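*Asks:* I would like the atomic coordinates for the input below:
(3 chains)
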Amino acid sequence: MAWVWFHKFGSPPHFYRIAGRLTPWLAWPALLLGLAGLYGGLVLAPADYQQGDGFRILYVHVPSAWLSLMVYVVMALSAAVGLIWRMNVAHAVAASCAPIGASFTALALVTGMLWGRPMWGTYWEWDPRLTSELLLLFLYLGYIGLRNSIDEVSRADRASAVLAIVGVVNVPIIHYSVIWWNSLHQAPSVMKFGKPTMPASMLVPLLLMWLAFTLLFGALLLIRARGQVLRRERAAHWIREALA
Amino acid sequence: MSELSAHNLHLWRGDTHVLRGVSFALQGGQCLQVTGANGTGKTTLLRALSGLAQLEEGQVRWDGAPIARDLGSYHGALAYLGHDNGLKGDLSAHENLRFGVGLRRSVSASAIDAALAQLGVAAQRDLPLRQLSAGQRRRVALARLVLLAAPLWILDEPTANLDSAGHTLIESLLHSHLDAQGMAVVATHQPLERLGERLRGLQLS
Amino acid sequence: MNAPATPLPAAALLLMRRDLRLALRRPGDSLLPLGFFLVITTLFPLALDPDLSQLRDVAPAALWVGALLSSLLALDLLFRDDGQDGALEQLALCGQPFAVLLLAKAAVHWLLTGLPLVCVAPLAAVALGAPYAAMGGILSAVLLGTLALSLIGAVGAGLTLSLRRNGSLLALLILPLAVPVLIFGARATALAIAGEPAAAPLYLLAALAVLAATLAPWALAAAVRIGLE
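*Replies:* A predicted model of the protein is given here:
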């Protein structure tokens, strides 16, 4: 039974419809949770005794960083599904993930730099998290670059799927090697924040923001993927009915 | 007896629907001649039959089994000649063949020399392929075809760069191949009527 | 059923001998990456202070950046010729497991472009101020590192097989993946120069090489098949 559902979801007209219906269910909660989280984080939570109000940027930085990684995993998984089961929709999803993931990564980098300015005095430090995010950005750019340079859509899908799978295996390796490298030189890492020591008033808005970002990713993904599916299937019959 | 069959093959190149439901069945001792204007997908069809190009829909079957299931073993029965000869310019004709055939089965130096002689390039045996003319290189590629002794031949414009003597040569090679119950899929505009009732045609449009 | 009569190891050896013979007929091609490595190593003292004790600190960075960049340059040699004259296609069609044949090609490629680096890097290190005692550790590190880099690079070369000669895309694809090799390799080199045991990063490098050897065959075969379409 699950297979029937799986293949149905993989059929472009079904995906187009279901994705269209799901999007508001993701977008509105994302907006509401985001507003709640921002209010909780920017207004309600007490100022950190060490960093003052500057730490509040973590409410955007941490979810972005988390999502930049999660999006890569989703991208690699859907690319693998597309490769193994030859599902066009899965490839469309993978293609849609890339710019979203790259944006989250860039956001994490920028917010990280903005956080760093009052903390370290400079915009850039070779902090393990920032360096990791930078390398992840390069991985996304490489994926997008490879896709763009192959004209034939089906070949671009499959080649970038191989790249995404190789990349996802490497992401933890790169991440840990950067942490290892950084620990050797004992550079100060302002970004570590002990999870158990965070009071609820700080933690709750963070969780809300994380949830909001995840839902936002879902909504953006569905919107982009629908557009991708439309473009790929533009010669097919069901398009006319769907757009009528 | 072996059979090559294609079932409703569809292939797109970008927006172009290149192969539109191509189907055929070919038995041992038969030759399928694929014709069509430039750009109608002859090369694409041959590459799809060889397993080099992926099909959107449809199946190619060898002896009833889809080739995708055991591509290695299908390739063991196939000899493909494309637009490029697949030979190294820095190696001699003899070295090229010793490698190209040796990957599949062991072959003696005398067998290689005999094949080169049959194709009329025995004198060029030890010259680097770079120094041979395009027609001579094509003949070396045809010698590899003969030596591989594969039951299925897939040839894409085999007569490219060949003179009329070469055309005759290809016809006689096909004759002996079909006589030995081999089969061939050939994309060419060269008339092959002399193969008689062993010849089937497929026109792409 | 129709399996090739030639056993796989014999076929792989045949391919390796062919590639070696081809390389020997064009020796210049294989020596280019080595020359490039030496040039880069020379640039560092020119850009900095020629004082050996100061160069010693930069030596790990210079060696490994040089090794990475010359591996990148060397990748051009791996599939370019075979891709252009149709020989790669014939390899895909010969009936032998394609992944193994590609791995054999990558092995010869390493012998021709990576092994010279392994031999020269310790000497280059000494030229940059490293003590003679460090040569052994540096050799091991560069040996493991170039093995891993060859495999990672081969996958990148396979993915960009049919594209217009665009070295920058290949660099963008490979360099992030090569960062762990750089980190562990440079660390092992620095420890060797300082006279301290370099076992930890060397083991990590070995692990990377093993991981690459496990993942690369699948990725290579998949990438090159896609590129051949």
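*Asks:* For the residue nearest to residue B:27 when sequence neighbours are not counted, give me phi and psi.
*Replies:* Counting by Cβ to Cβ, 6 or more residues apart in numbering or on different chains, residue B:27 lies nearest to residue B:3, which is 5.5 Å off, once chain neighbours are set aside. All C-beta atoms are positioned from the backbone trio N, CA, C, and that covers glycine. Backbone torsions of residue B:3, given as degrees, to the nearest 10, read phi -140, psi 140.
*Asks:* ditto for residue B:187
*Replies:* Note on residue B:187: backbone dihedrals following degrees, to the nearest 10 are phi -100, psi 110.
*Asks:* Burial check on it, number of neighbours?
*Replies:* 22 (other Cβ atoms under 10 Å in any protein chain shown).
*Asks:* got it, and residue A:178?
*Replies:* So residue A:178, with other Cβ under 10 Å, has 23 neighbours.
*Asks:* Who are the packing partners of the one helix or strand it maps to?
*Replies:* Assigned by DSSP states H and E, residue A:178 falls within helix A:153-184. Applying 3 or more Cβ pairs under 8 Å, 6 or more residues apart in numbering or on different chains; DSSP states H and E, one finds that helix A:153-184 contacts helix A:58-85, helix A:88-120, helix A:128-149, helix C:135-159, helix C:167-194, helix C:199-227.
*Asks:* Go through those helices and name the closest to residue B:138.
*Replies:* Between residue B:138 and these, the tightest spacing by Cβ to Cβ is seen for helix C:199-227, at 25.0 Å.
*Asks:* Quick one: mean pLDDT for the closest one?
*Replies:* Here helix C:199-227 scores 94 as its mean pLDDT.
*Asks:* Run the chain-centre distance for it.
*Replies:* 11 Å (Cα atoms, centre = their mean, to the nearest Å).
*Asks:* where in chain B is pLDDT low?
*Replies:* For chain B, the stretches with pLDDT under 70 are B:1.
*Asks:* Quick check: residues of it near chain C?
*Replies:* Selection of chain B residues close to chain C by Cβ under 8 Å from any Cβ of the partner chain yields B:47, B:50-54, B:70, B:72-78, B:80, B:82-91, B:95, B:99-100, B:102-106.
*Asks:* please redo it, this time with the cut-off set to 7 Å
*Replies:* Within chain B, the positions lying close to chain C (Cβ under 7 Å from any Cβ of the partner chain) are B:50, B:52-54, B:72-73, B:75-78, B:80, B:82, B:84-91, B:99-100, B:102-106.
*Asks:* Please flag which of those residues sit within helices.
*Replies:* B:50, B:72, B:73, B:75, B:76, B:99, B:100, B:102 (DSSP state H).
*Asks:* I'd like to know which of the helices and strands packed on helix A:153-184 is closest to residue A:31.
*Replies:* It's helix A:58-85; of the helices and strands packed on helix A:153-184, that one is closest to residue A:31 (Cβ to Cβ) at 14.5 Å.
*Asks:* tell me, how many neighbours does residue 167 end up with?
*Replies:* Just going to use chain A. So residue A:167, with other Cβ under 10 Å, has 23 neighbours.
*Asks:* not quite, I wanted chain B
*Replies:* Residue B:167 is flanked by 14 other residues according to other Cβ under 10 Å.
*Asks:* count of residues packed around the one residue in chain B that gets nearest to chain A?
*Replies:* Ranked by Cβ to the nearest Cβ, the top residue of chain B for proximity to chain A is residue B:14, at 6.0 Å. Residue B:14 has 10 neighbouring residues, counting by other Cβ under 10 Å.
*Asks:* And the residue nearest to it when sequence neighbours are not counted, how close does it get to residue A:67?
*Replies:* Using Cβ to Cβ, 6+ apart and skipping residues adjacent in sequence, the residue nearest residue B:14 is residue A:152, 6.0 Å away. Going from residue A:152 to residue A:67 by Cβ to Cβ, to the nearest Å gives 31 Å.
*Asks:* can you list the domains in chain B?
*Replies:* According to automatic domain parsing, chain B comprises the domains B:1-77+B:150-205, B:90-149.
*Asks:* Pick the most deeply packed of those.
*Replies:* Highest mean neighbour count of the domains of chain B: domain B:90-149, a mean of 19 (counted as mean count of other Cβ atoms under 10 Å in any protein chain shown).
*Asks:* Ends of it, what's the gap?
*Replies:* 25 Å (Cα to Cα, to the nearest Å).
*Asks:* about what we covered before: which residues belonging to the helix or strand following the helix holding residue A:178 are considered buried?
*Replies:* Using DSSP H and E, the helix or strand that follows helix A:153-184 in sequence is helix A:200-232. Buried residues in helix A:200-232, counted by 16 or more other Cβ atoms under 10 Å in any protein chain shown: A:202, A:204-206, A:208-226, A:228-230, A:232.
*Asks:* what does stretch C:55-66 give?
*Replies:* C:55, C:56, C:58, C:59, C:60, C:62, C:63, C:64, C:65, C:66.
*Asks:* Just give me the closest of those to residue B:114.
*Replies:* Comparing these against residue B:114 with Cβ to Cβ places residue C:66 closest, at 51.9 Å.
*Asks:* Excluding covalently adjacent residues, which one is nearest to that closest one?
*Replies:* Closest residue in space to residue C:66, ignoring its immediate chain neighbours: residue C:40 at 3.9 Å, by Cβ to Cβ, 6+ apart.
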